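*Asks:* Quick one, fold the following:
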Amino acid sequence: MNHLYGRSKKKMEGIANCQIYEYGDSKNVDAIIITYGIFSGVKVLFNDIHLSSIKRGYIEKVEGQRCFEINHCREGRFECVLKDGTATYMQAGDFSISLVHNSSNHSFFPIGHYHGLTIWIEPNAFDDELLLCGKMLGIDFEKLLIRISKEEGLFIKRASKQLEHIFSEIYTVPSDILIPYLKVKFQELFIYLSMVEDQSCYEERQYISKSNADIVRKIHAFINNEYKKNLTYDELSQMFSIKMSTMKQCYKNVFGESIHDTYRKKKLEEACKLLRSTDKLITEIALEIGYADHSKFSNAFKKMYNLRPSEYRRITNGAHIV
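*Replies:* So this is what the prediction gives:
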């Protein structure tokens, strides 16, 4: 991974007020975060992350100063953790505003895949350029953020056409005009937020306790390791000492899919590996991954990949025994 959203790393390194943070080793980079200073007190971060969590050392918290963080999720899933241990979740297209002092020092990504954008705002560092922009727009940026985030320090707006319009082109705009483009988009975003605030357009969201979030993460890890075992919801709830209805709801909120979906996806991913790398009969593969019925396996495979297992094998690895 040596680029972000199709942008050349070499070009990015040549942009003033641009910093590149990479996570991983010399062979594999698991995450890239690119930060751009667009105004004094405002940084924009592009995130391309394939990890479950990152310590937020790429931005420094300023003690005693009110700072805000705006996030837009382009792909994947992002966990918003508050200081009291409760969490809520963003998925593709969602947008959030939070007070930094009320959030965790780590960023969490439940499915290990996240692409998105962060705007870090430190009002005490604003200079005349941004204050003049606010005066021209009739917007006090800090006061607007305080009203929207309210006392709990977290505002989430679910995916909408308006948000897509504001953010979609940011990820593909050429590097050569990125900084002035981001300045314009920053102002457009706050005009939108002033209308959201006036309309009191706050979204209802569900919070999950840290203990329940930890339990469903253990269930997720168990399924990925023991996917051949077809355990019922009741068996899982007893095994992990969690009420079944709570387990189902929390799991869906954390991972964006049901336990059944995770089981099916994992089984079919393993089936793909076996179809590509072995000459085993398809009936044998179905049994090996936990399907007792060949036709159910074939139908599930077709539904996910739009190919029969035999078609997938021919396309990916030549002619095999079927």
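*Asks:* So residue 230: helix, strand or coil?
*Replies:* The assignment at residue 230 comes out as coil when based on DSSP: H, G, I helix; E, B strand; the rest coil.
*Asks:* Contacts only, for it.
*Replies:* Going by C-beta atoms under 8 Å, 6 or more residues apart in numbering, residue 230 touches 263, 290. All C-beta spots, glycine's among them, are computed from the backbone N, C-alpha and C.
*Asks:* same deal with residue 127?
*Replies:* Residue 127 makes contacts with 39, 40, 41, as judged by C-beta under 8 Å, 6+ apart.
*Asks:* Could you pull up phi and psi at it?
*Replies:* Dihedral angles of residue 127 (phi, psi; degrees, to the nearest 10) stand at phi -110, psi -170.
*Asks:* which helix in this structure runs the most residues?
*Replies:* helix 178-198 (DSSP state H).
*Asks:* Buried residues, it. List them.
*Replies:* By neighbour count on 16 or more other C-beta atoms under 10 Å, the buried set for helix 178-198 is 178-179, 181-183, 185-187, 189-190, 192-194, 196-197.
*Asks:* who does it touch, helix- and strand-wise?
*Replies:* strand 29-39, strand 42-49, helix 128-137, helix 141-149, helix 161-167 (3 or more C-beta pairs under 8 Å, 6 or more residues apart in numbering; DSSP states H and E).
*Asks:* tell me the angle the first one makes with helix 178-198.
*Replies:* Same thing as strand 29-39. Here the directions of strand 29-39 and helix 178-198 differ by 80 degrees (axes from the mean of the first three to the mean of the last three C-alpha atoms, to 10 degrees).
*Asks:* tilt between the longest strand seen in the chain and strand 42-49?
*Replies:* For the chain, the longest strand by residue count, based on DSSP state E, is strand 68-81. Strand 68-81 runs at 30 degrees relative to strand 42-49, counting by the same axes, to 10 degrees.
*Asks:* Can you name the next helix or strand after strand 68-81?
*Replies:* Next helix or strand after strand 68-81 toward the C-terminus (DSSP states H and E): strand 87-91.
*Asks:* who does the helix or strand following that following strand pair up with?
*Replies:* Downstream of strand 87-91, the first helix or strand assigned by DSSP H and E is strand 95-99. Sheet pairing for strand 95-99, assigned by DSSP bridges, gives strand 68-81 (antiparallel), strand 154-157 (antiparallel).
*Asks:* how about CSV for these, with mean neighbour count added?
*Replies:* Output for these, formatted as CSV (neighbours: other C-beta atoms under 10 Å):
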stretch, mean neighbour count
strand 68-81, 22
strand 154-157, 21
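*Asks:* Out of the ones you listed, which gets nearest to residue 303?
*Replies:* Of all the strands paired with strand 95-99, strand 68-81 sits nearest to residue 303, with 22.0 Å by C-beta to C-beta.
*Asks:* remind me which residues of the stretch 151-300 of the chain are low pLDDT?
*Replies:* Applying pLDDT under 70 to the stretch 151-300 of the chain picks out residues 151-153, 197-205.
*Asks:* Any idea which residue is closest to the centre of the protein?
*Replies:* In the chain, the C-alpha nearest the mean C-alpha coordinate belongs to residue 77, at 2.8 Å (C-alpha atoms, centre = their mean).
*Asks:* Hmm, residue 256 and that residue touching each other?
*Replies:* Yes - using C-beta atoms under 8 Å, residue 77 is in contact with residue 256, at 5.5 Å.
*Asks:* any common contacting residues for these two?
*Replies:* Residues touching both residue 77 and residue 256 by C-beta under 8 Å, 6+ apart: 89, 91, 110, 111.
*Asks:* part of a helix, is the third one?
*Replies:* No - with three-state DSSP as the criterion, residue 110 is assigned coil and is not in a helix.
*Asks:* For residue 256, see how far away it is.
*Replies:* Taking C-beta to C-beta, to the nearest Å as the measure, residue 110 falls 8 Å from residue 256.
*Asks:* Now do the shared contacts for those two.
*Replies:* Counting by C-beta under 8 Å, 6+ apart, the residues touching both residue 110 and residue 256 are 77, 89.
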